[in-house]
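> here is my input; please provide its structure:
(one chain, ligands or ions: 1)
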Amino acid sequence: MTAPYTLQSDAPLRELNTLRVAAKARWLATVRDPAALPDLLGRQEFTGLPVLVLGLGSNVLFAADFEGLVLRPAWRDVRISGDEGDAALVRAEAGLGWDALVDWTLAQQLSGLENLALIPGLVGAAPIQNIGAYGAEVSEVITAVEAWDRRDSTLAMLPCLECRFGYRDSIFKQEPDRWIVTAVDFRLPRNREPNLGYTGLRDELAALKLSQPTAAQVAQAVRRLRRRKLPDPEFLPNAGSFFKNPLVPAGLADALAAAHPGLPVHASSEGSSKLSAAWLIEACGLKGIREGDCGVSAQHALVLVNHGSASGAELLALARHVADSVELRFGVRLEPEPRIVGASFR
Ligand SMILES: Cc1cc2nc3c(=O)[nH]c(=O)nc-3n(C[C@H](O)[C@H](O)[C@H](O)COP(=O)(O)OP(=O)(O)OC[C@H]3O[C@@H](n4cnc5c(N)ncnc54)[C@H](O)[C@@H]3O)c2cc1C
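Numbering: from 1, shown residues only. Here you go, the predicted model:
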């Protein structure tokens, strides 16, 4: 019988984050069975130590070593858990690869995840920042999230409404020391009109001569777009968008757009407006800059890249420089999207 978890001390993390930043964890646990969590977390050597759940490491920046327990979920089952006729209920476990889940659902003739194809990471991380791309957010198809509650030492089921999903936000992101997501429940339609609200996606489908695309064809178009637009972390380590698009009061957005023609502004919820962080960074002349081994991608201004052996602290310094420059020029403060481990952003 395989052990429910393995433990390593003083574990190197460089290969476990897509920015390829060298850092160490005092302890690293790879967990194959979520039922082992209470036993693992209760071990004496971890008393009082912080815990960091790590998926694929595609949305973290290690600014320092982690003096605690890094926990990697490696349970990864997926199944149809219910049938509602026009939709299926799907349960996917935390350690499954996100894009593997997208492929699996498409093979079952289910739609709902196609706009989110090729986002790196594991299923358990998807609700943390409510992953989104090409006009869709994962919270639109999540019915509930199962998570180990470290505060109350219980396994909780949080219905979608209790997850407090927002733009790149959730209860899990707001309370990172409390939750370990163990599985995600989805409701996925069998025959849904594709979500083609995003102009770039419509253009890509038109270029592919697909006027009535299936969900699989939408995923194919999304993958083509992503491969073209974003640097591949395999070849140029990065964590995707390093900054969120800032939400500002509509009045401020209008004033900025009037003063800076070309600034993309999108309406958002609750009367606020979303500005394009990439545009703001590019307007500051920062796209493609390089300092030592740290840089801003020449392909996409939102992406910070590691050209070789940049440290987490160096990348953080560059990120602060980018945010400071945007704030000085436009009076808008950018917030980082990845979790910064071992330092605060400000
Ligand atoms: C090239 C590239 C493109 C990207 N494009 C997008 C995009 O289009 N849209 C988007 O939203 N994101 C994007 N991202 C960011 C990233 O892929 C997502 O945030 C993804 O969900 C992170 O998954 P992960 O497994 O790598 O999580 P990690 O980076 O390992 O962790 C991210 C955060 O989630 C927490 N976490 C992870 N798993 C769990 C769990 N089971 N329980 C509790 N907490 C957990 C971690 O503690 C950390 O705070 C991109 C990243 C890259 C490198």
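> from Gly197, how far off is the closest residue to the ligand within the stretch 201-346 of the chain?
Ranked by C-beta to the nearest ligand atom, the top residue of the stretch 201-346 of the chain for proximity to the ligand is Gly240, at 2.5 Å. From N, CA and C alone the C-beta is placed, and that goes for glycine too. Distance, Gly240 to Gly197, using C-beta to C-beta, to the nearest Å: 21 Å.
> so for these two, which sits in the more crowded spot?
Legend: neighbour count by other C-beta atoms under 10 Å for Gly240 and Gly197, higher for Gly240 (23 against 11).
> give me the three-state assignment for the more buried one.
strand (DSSP: H, G, I helix; E, B strand; the rest coil).
> ok, now which ones touch it?
Residues in contact with Gly240 (C-beta atoms under 8 Å, 6 or more residues apart in numbering) are Ser58, Asn59, Ile119, Pro120, Leu230, Val303, Glu337, Pro338.
> any stretches of the chain with poor pLDDT?
270 (pLDDT under 70).
> next SSE downstream of the top helix by length along the chain?
Longest helix in the chain by number of residues, with DSSP state H as the criterion: helix 312-330. Along the chain past helix 312-330, the next helix or strand (assigned with DSSP states H and E) turns out to be strand 339-341.
> any chance you could list what contacts that following strand?
Contacts made with strand 339-341 from outside it, assessed by C-beta under 8 Å, 6+ apart, are listed as Ala23, Leu52, Asn59, Val60, Leu61, Phe62, Ala63, Ala64, Phe66, Pro176, Gly312, Leu316.
> separate out the buried members of these.
Buried by 16 or more other C-beta atoms under 10 Å: Ala23, Leu52, Asn59, Val60, Leu61, Phe62, Ala63, Phe66, Gly312, Leu316, out of these.
> which residues sit against stretch 167-178?
Judged by C-beta under 8 Å, 6+ apart, the contacts made with stretch 167-178 from elsewhere in the structure are 50-51, 127-130, 132, 137, 139, 145, 147, 149-151, 158, 162-164, 179, 181, 244-245, 247, 268-269, 274, 337, 339.
> can we see that at 6 Å?
Where contact means C-beta atoms under 6 Å, 6 or more residues apart in numbering, the residues beyond stretch 167-178 that reach it are Pro127, Ile128, Gln129, Asn130, Arg150, Arg151, Cys163, Arg164, Trp179, Lys244.
> re the thing from before, for the residue of the stretch 201-346 of the chain closest to the ligand, give its distance to Ala107.
Following C-beta to C-beta, the distance that separates Gly240 from Ala107 is 26 Å.
> likewise for Phe243?
In this structure, Phe243 and Ala107 are separated by 35 Å, where distance is defined by C-beta to C-beta.
> got it, and Phe235?
From Phe235 to Ala107 the distance is 28 Å (C-beta to C-beta).
> next one: Asn306
Applying C-beta to C-beta, one obtains 35 Å for the distance of Asn306 from Ala107.
> residue contacts, Ala144?
If a contact means C-beta under 6 Å, 6+ apart, then Ala144 has Met157, Pro159, Asp185 as its contacts.
> residues contacting Glu327?
Residues counted as contacts of Glu327 (C-beta under 6 Å, 6+ apart) are Arg333.
> starting at the chain centroid, how far to the longest helix of the chain?
21 Å (C-alpha atoms, centre = their mean, to the nearest Å).
> just the buried positions in that helix, please.
Under the neighbour-count criterion of 16+ other C-beta under 10 Å, helix 312-330 has 312-319, 321-323, 325-326, 330 buried.
> repeat for stretch 235-246
Judged by neighbour count using 16+ other C-beta under 10 Å, the buried positions of stretch 235-246 are Leu236, Pro237, Asn238, Ala239, Gly240, Ser241, Phe242, Phe243, Lys244, Asn245, Pro246.
> strands of the stretch 201-346 of the chain, start to end?
Shown for the stretch 201-346 of the chain, the strands assigned by DSSP state E, counting those that start in this stretch span residues 238-241, 247-249, 265-267, 272-275, 290-291, 294-296, 303-306, 339-341.
> for Pro213, which of those is the nearest?
Nearest to Pro213, of all the strands of the stretch 201-346 of the chain, is strand 265-267, at 23.6 Å by C-beta to C-beta.
> that closest one pairs with which strands?
For strand 265-267, sheet partners with direction are given as strand 272-275 (antiparallel), following DSSP bridges.
> of Asn306 and Ala107, who's got more company?
The neighbour comparison of Asn306 against Ala107 (other C-beta under 10 Å) goes to Asn306, with 23 against 9.
> show me what contacts the more buried one?
If a contact means C-beta under 6 Å, 6+ apart, then Asn306 has Leu19, Arg20, Pro237 as its contacts.
> go again with 10 Å.
With contact taken as C-beta atoms under 10 Å, 6 or more residues apart in numbering, Asn306 is in contact with 17-21, 233, 236-239, 293-295, 312, 314-315.
> stretch 48-62 and the ligand, any residue contact?
Yes: part of stretch 48-62 sits near the ligand under the criterion C-beta under 6 Å from any ligand atom, namely Leu52, Val53, Leu54, Gly55, Leu56, Gly57, Ser58, Asn59, Val60.
> what's the local residue count around the residue lying closest to Trp104 once chain neighbours are set aside?
Once flanking residues are discounted, Trp104 sits nearest to Val78: 5.7 Å by C-beta to C-beta, 6 or more residues apart in numbering. Number of residues near Val78 (other C-beta under 10 Å) recorded here: 19.
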